[in-house]
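S.K.: my questions concern the predicted model and sequence given below.
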Protein chains: 2
Amino acid sequence: MTTPTSVRAVVLRRRPDGLPRTDDVTVTVTDLPERGVEDVLLGVADLSLDPYLRSTLAGTHLDDPAVAIGGVVPGRSVARVLASDDPTVPVGTWVVAETGWRSHAVVPARAVRPVSVPTGVRPSAALGALGMPGLTAYAAIERHLRPGRGETVVVSAATGGVGAVAGALARARGARTVAITGSSAKADDALGLGYDAAVVRGEDGWTGALRRACPERVDCYLHMGDQATLDGVLAQLSLGARVSLCGLMDQYNGAGRTTLPAGTIMAARAQVHGMVVHDHGDLEPAFVDAVGALLRTGGLRLHEERHRGLESAGAAFARLMAGHNRGKVVVEVDPDPR
Amino acid sequence: MTTPTSVRAVVLRRRPDGLPRTDDVTVTVTDLPERGVEDVLLGVADLSLDPYLRSTLAGTHLDDPAVAIGGVVPGRSVARVLASDDPTVPVGTWVVAETGWRSHAVVPARAVRPVSVPTGVRPSAALGALGMPGLTAYAAIERHLRPGRGETVVVSAATGGVGAVAGALARARGARTVAITGSSAKADDALGLGYDAAVVRGEDGWTGALRRACPERVDCYLHMGDQATLDGVLAQLSLGARVSLCGLMDQYNGAGRTTLPAGTIMAARAQVHGMVVHDHGDLEPAFVDAVGALLRTGGLRLHEERHRGLESAGAAFARLMAGHNRGKVVVEVDPDPR
């Protein structure tokens, strides 16, 4: 390996206003900071694109500080250690780290997490099914919704990074799973992933289609979507239903506040849970076991949309936030960083 | 006893539109149906006035059929058995029954519930603290909110039939209790009932007063109120807060749909529970033990607003639905029915 002195990075040109646009960001060449003895140098393989980043870019995220204009877009990636003085993460280790959207990064050795994925599964699984989206799905299904055998579980954004795992976990518990997707192409994807039925939200009569797909109503609902989707599903809750709020697309995109109809919650004697994945780190070992097993046995297969090159990141993010992606969105920076 | 042949009853003249008005109902004389061998004749002592009746009168209740114009207003009362062929409910027994708003009623013997209240406590306790409102409070506190020692519990409609019991139960668990009331007179009542602080909703700066009353934010919230109250409290939830939706005053009075801000629920990682008391009948024995003990030991005292005579029922109900009542609203029909 030759240590690079300058690296490429994706920087913020303009804060997103409404749906993110391709040219909200641009690729630039930037210096690589010097590596201290407690740092590792990482070569980025795959970037993870995630909806929560929109609020970080817009400066409206609850916890994260806003990115400066001209600053590197933050984000997680799977990367390989190219230089290290720390024996716990030697050169060659595959890790997940908060590198931001760039080709190389220098980060503290203690801030990287070695990746362990089942043999034959891509390291990028650590960004999706075995990463934060997968843990979100695991916590939603196993801690909040807890579907029983034969219960009906509806998953919105059903083929996305969270949804695909949630569906597989619910089926592993013996539940019937119904996908809500944003297009008929994604509905086909959902059936291919193993969902028992799939409904395209927003189509004429979609709530009727949902009713036919859920003849015994909806026992569990994992929500990652907009107001109309939320209202359409909540109207069909069974008594004692459970709802996990995992993502509010309207709010991410600044389209206004999402609300829950309190009368519907009362009438269904429902439980609604606000899901923030950071609260559920204690589930990590059980999650890795369970989802690793599903990946090995074919109960879950990776559903990724791969884009090539840092230059594709802006368009890929716009596509994700418009809901046009097909699976977990990954930007491949370098398939074999050395 | 002489069996009465005609009895007085309160009948519906006009469905409430918005806030109920005194002359939505009127008192009339009606026939007493003949008593079969499986029926008991009841002399009504006290009527229970409850908010859910508004939707029954308006014909918008989820479960109950609408009352016909000219029909007797339905409702629960505490009554004495005046004639009976059933040895399990002999003449003289105090019972709770669905008599409707009338002086006497003939109902199936199996549909009455003998009252057991601690010595020295009025039988009307069976309509409030030891009745459905009390059970609602018990289920909300013990099954949904489960406040821990030192946690902050906010109760809206804090001095009403449900609220007064909820506050006492929360204090018995070691929680700090903060009342939200509709007037400064009721705030004084709340402090007299044992709340640690009381805030008058709707007053200028009331959310600031709530913040000062809850310096460590709100861990548990029992909601029986309007949209502004809900929004004001939810903005101050702590992480992992629990919310029980027990009553939606806007919806009872037809003032539109109450909504919950989904982003706030997510940010607080909150749990929201829709409460319908019928689901919690299994708690009845534990509830009677716990609230009976509080009544005996002074941890809870009956907080009743008593009106005299069937003629006062319309005005009392209008007052209740406008939120002007001071405590559980009871209409005394006959203090000693024989």
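M.R.: Yes, it's here. Numbers count the residues shown, from 1 in each chain, chains lettered A, B, ... in the order given.
S.K.: do you know the pLDDT at the residue in the stretch 101-250 of chain A that chain B sits nearest to?
M.R.: Residue nearest to chain B within the stretch 101-250 of chain A (Cβ to the nearest Cβ): A:L245, separated by 5.0 Å. In short, each C-beta sits where N, CA and C put it, glycine included. With respect to pLDDT, A:L245 scores 94.
S.K.: am I right that it is in a strand?
M.R.: Yes: with DSSP: H, G, I helix; E, B strand; the rest coil as the criterion, A:L245 is located in a strand.
S.K.: residues contacting it?
M.R.: Counting by Cβ atoms under 8 Å, 6 or more residues apart in numbering or on different chains, A:L245 touches A:H223, A:V272, A:H273, A:G274, A:M275, B:A262, B:I265, B:M266.
S.K.: among those residues, which lie within helices?
M.R.: B:A262, B:I265, B:M266 (DSSP state H).
S.K.: just give me the closest of those to A:V330.
M.R.: B:M266 (25.2 Å; Cβ to Cβ).
S.K.: nearest residue to that closest one other than its sequence neighbours?
M.R.: Once flanking residues are discounted, B:M266 sits nearest to A:G274: 4.0 Å by Cβ to Cβ, 6 or more residues apart in numbering or on different chains.
S.K.: then A:G134?
M.R.: A:V165 (4.6 Å).
S.K.: just the helices in the stretch 101-250 of chain A please.
M.R.: A:132-139, A:161-172, A:184-193, A:206-213, A:227-234, A:249-252 (DSSP state H, counting those that start in this stretch).
S.K.: export the second one as PDB, just CAs?
M.R.: Translated: helix A:161-172. C-alpha atoms of helix A:161-172 as PDB (Å, rounded to 0.1, in the frame of the first residue of the first chain):
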ATOM      1  CA  GLY A 161     -32.900  -1.900   4.400                       C
ATOM      2  CA  VAL A 162     -35.100  -2.200   7.500                       C
ATOM      3  CA  GLY A 163     -38.200  -3.700   5.900                       C
ATOM      4  CA  ALA A 164     -36.600  -6.700   4.200                       C
ATOM      5  CA  VAL A 165     -35.100  -7.800   7.500                       C
ATOM      6  CA  ALA A 166     -38.300  -7.100   9.500                       C
ATOM      7  CA  GLY A 167     -40.400  -9.200   7.100                       C
ATOM      8  CA  ALA A 168     -37.900 -12.100   7.300                       C
ATOM      9  CA  LEU A 169     -37.900 -12.000  11.100                       C
ATOM     10  CA  ALA A 170     -41.700 -11.900  11.300                       C
ATOM     11  CA  ARG A 171     -42.000 -14.900   9.000                       C
ATOM     12  CA  ALA A 172     -39.400 -16.700  11.200                       C
END
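S.K.: contacts for it?
M.R.: A:50, A:128-129, A:133-134, A:136-138, A:140-142, A:145, A:147, A:153, A:155-158, A:177, A:179, A:190, A:193-195, A:220, A:222, A:224, A:246-247, A:290-291, A:294, A:299-300, A:303, A:327-329.
S.K.: now, which of these lie within strands?
M.R.: Taking DSSP state E, the ones among the contacts of helix A:161-172 that sit in strands are A:V153, A:V155, A:S156, A:T177, A:A179, A:C220, A:L222, A:M224, A:C246, A:G247, A:K328, A:V329.
S.K.: residues contacting the fourth one?
M.R.: Counting by Cβ under 8 Å, 6+ apart, A:T177 makes contact with A:T152, A:V153, A:V154, A:V155, A:G167, A:A170, A:R171, A:G194, A:Y195, A:D196.
S.K.: touching, A:P114 and A:G92? I think so.
M.R.: No: A:P114 is not in contact with A:G92 according to Cβ atoms under 8 Å; the separation is 10.9 Å.
S.K.: what about the two, which has more around it?
M.R.: Neighbours around A:P114 and A:G92, counted as other Cβ atoms under 10 Å in any protein chain shown, are more numerous at A:P114. The numbers are 13 against 10.
S.K.: distance of that one from A:S183?
M.R.: 37 Å (Cβ to Cβ, to the nearest Å).
S.K.: now do the buried residues in the top helix by length along chain A.
M.R.: What stands out as the longest helix in chain A, according to DSSP H, is helix A:284-297. Residues of helix A:284-297 classed as buried by neighbour count (16 or more other Cβ atoms under 10 Å in any protein chain shown): A:F287, A:V288, A:A290, A:V291, A:G292, A:L294, A:L295.
S.K.: tilt between that helix and helix A:132-139?
M.R.: Between helix A:284-297 and helix A:132-139, the angle comes out at 100 degrees (axes from the mean of the first three to the mean of the last three Cα atoms, to 10 degrees).
S.K.: give me the contact list for helix A:284-297.
M.R.: Counting by Cβ under 8 Å, 6+ apart, A:116-118, A:121, A:125, A:129-130, A:134-135, A:138-139, A:142, A:165, A:168-169, A:172, A:299-302 sit against helix A:284-297.
S.K.: again, only this time at 10 Å
M.R.: A:113, A:116-121, A:125-126, A:128-131, A:134-139, A:141-142, A:165, A:168-169, A:171-172, A:280-281, A:283, A:299-302 (Cβ atoms under 10 Å, 6 or more residues apart in numbering or on different chains).
S.K.: buried deepest among the helices of the stretch 101-250 of chain A, which one?
M.R.: Most buried of those, by mean neighbour count (mean count of other Cβ atoms under 10 Å in any protein chain shown): helix A:161-172, with a mean of 28.
S.K.: pLDDT of that one, averaged?
M.R.: Rounded mean pLDDT across helix A:161-172 is 95.
S.K.: can you check stretch A:147-157 too?
M.R.: 97.
S.K.: ok, now stretch A:328-335?
M.R.: Rounded mean pLDDT across stretch A:328-335 is 94.
S.K.: and it, how far from the chain's centre?
M.R.: What separates the centre of stretch A:328-335 from the centre of its chain is 14 Å, taken as Cα atoms, centre = their mean, to the nearest Å.
S.K.: restricting to C-alpha, output that stretch in CSV.
M.R.: Output in CSV follows, covering the C-alpha atoms of stretch A:328-335 (Å, rounded to 0.1, in the frame of the first residue of the first chain):
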residue,chain,number,x,y,z
LYS,A,328,-30.6,-1.2,0.7
VAL,A,329,-28.7,1.6,-1.1
VAL,A,330,-24.9,1.2,-1.2
VAL,A,331,-22.3,3.2,-3.1
GLU,A,332,-19.4,1.1,-4.1
VAL,A,333,-16.2,3.2,-3.8
ASP,A,334,-13.6,0.5,-4.2
PRO,A,335,-14.4,-3.2,-4.3
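S.K.: what comes up buried for that stretch?
M.R.: Buried, per 16+ other Cβ under 10 Å, within stretch A:328-335: A:K328, A:V329, A:V330, A:V331, A:E332, A:V333, A:D334.
S.K.: what of stretch A:16-28?
M.R.: Taking 16+ other Cβ under 10 Å as the criterion, stretch A:16-28 shows A:P16, A:P20, A:R21, A:D24, A:V25, A:T26, A:V27 as buried.
S.K.: identify the farthest-apart pair in the ones in strands among the contacts of helix A:161-172.
M.R.: A:C220 and A:V329 (25.7 Å).
S.K.: still on that earlier bit, who wins for neighbours among the contacts of A:T177?
M.R.: Most surrounded of the contacts of A:T177: other Cβ under 10 Å gives A:V155, at 36 neighbours.
S.K.: low pLDDT regions in the stretch 151-300 of chain A?
M.R.: A:249-256 (pLDDT under 70).
S.K.: and the nearest residue to A:T88 once chain neighbours are set aside, how many neighbours?
M.R.: In space, and not counting its chain neighbours, A:T88 is closest to A:A109: 7.3 Å by Cβ to Cβ, 6+ apart. A:A109: 20 surrounding residues under other Cβ under 10 Å.
S.K.: who's in contact with A:A109?
M.R.: Per Cβ under 10 Å, 6+ apart, neighbours of A:A109: A:35-40, A:81, A:84-89, A:95, A:97.
S.K.: inside strands: which ones of those?
M.R.: A:D39, A:V40, A:V81, A:S84, A:V95, A:A97.
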